[in-house]
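Asker: Next input, structure requested:
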Amino acid sequence: MSQSPQHDESRQQQESRDHDAPRAKSQAQPPTESGAPARYVKPGRLAARLNGAIGWLARRGISLAGSADLAVRGRKSGTWRRVPVNPMTFEDGRYLVSARGDSEWVRNMRAAGGGELRVGRRTRPFTAVEVPPAQTPALLRAYLRRWGWEVKAYFGEITADSSDAELLAAAPRHPVFRITES
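Answerer: This is a model prediction of the structure:
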């Protein structure tokens, strides 16, 4: 069933207004499997525009500080959703870390079980498995060593120099996925 162009236009105008509206810093989510309250720090207008520019550059082959364009199917719509991410190689694998918490891409990744990473013309399909928070402190430390300057606002007082106990306490708020190219 097709919608009228007028209805599509009004929906697009509404989405545009929603996109430009001020956003709350964090959005409450249902508790995680570990029982910790899930949290998601939504990007403000400036951050959303910067993310759009970084994703646009990655799709054209320009990777800033190792960034790539992540595409994952929406868990409800089935349409591809895109967001720039910082894939990280650590020891024997590649990982994606959600600095902002239980974000849309994280929830979509849990449902889809994989996606695509793109830099320029090279698109790499992958499968993803979420790493239990108890196993992520070393990964978070490596992530913060590499991108702490970029993501420190989302980790609060946690840094690459934080103790293992502090990183373990922060782990449920920052989901990590191990990705394997398919």
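Asker: okay, CA-based contacts and neighbour counts for the rest of this
Answerer: Fine.
Asker: And the strands in the chain?
Answerer: In the chain, the segments counted as strands under DSSP state E are 27-28, 39-40, 68-73, 80-85, 88-90, 93-97, 114-119, 122-131, 176-181.
Asker: Please identify the deepest-packed of the ones you listed.
Answerer: strand 68-73 (a mean of 25; mean count of other Cα atoms under 10 Å).
Asker: Show me what it is packed against.
Answerer: The helices and strands touching strand 68-73, judged by 3 or more Cα pairs under 8 Å, 6 or more residues apart in numbering; DSSP states H and E, are helix 45-59, strand 80-85, helix 104-112, strand 114-119.
Asker: Enumerate every residue touching L96.
Answerer: V85, N86, P87, M88, V176, F177, R178, I179 (Cα atoms under 8 Å, 6 or more residues apart in numbering).
Asker: For the fifth one, give me its contacts.
Answerer: What it means is V176. By Cα under 8 Å, 6+ apart, V176 lies in contact with Y95, L96, V97, S98, E130, V131, P132, P133, T136.
Asker: try 7 Å
Answerer: Listed by Cα atoms under 7 Å, 6 or more residues apart in numbering, the contact set of V176 reads Y95, L96, V97, S98, E130, V131.
Asker: isn't the last one right up against H174?
Answerer: Spelled out, it's V131. No: shown here, V131 and H174 do not form a contact pair, counting by Cα atoms under 7 Å, at 10.6 Å.
Asker: quick one: low-confidence parts of the chain?
Answerer: 1-38 (pLDDT under 70).
Asker: Tell me how many other residues crowd G61.
Answerer: By other Cα atoms under 10 Å, the residues close to G61 number 16.
Asker: In contact with the closest residue to it other than its chain neighbours, which residues?
Answerer: Setting aside the residues directly before and after it, G61 is nearest to G120 in space (Cα to Cα, 6 or more residues apart in numbering), at 3.3 Å. Listed by Cα under 7 Å, 6+ apart, the contact set of G120 reads A58, R59, R60, G61, I62.
Asker: The same query, at a cut-off of 6 Å, please.
Answerer: Each residue near G120 by Cα atoms under 6 Å, 6 or more residues apart in numbering is listed here: R59, R60, G61.
Asker: swap in A134?
Answerer: Residues counted as contacts of A134 (Cα under 6 Å, 6+ apart): none.
Asker: which ones are touching R75?
Answerer: Per Cα under 6 Å, 6+ apart, neighbours of R75: N108, A111.
Asker: All set, thanks.
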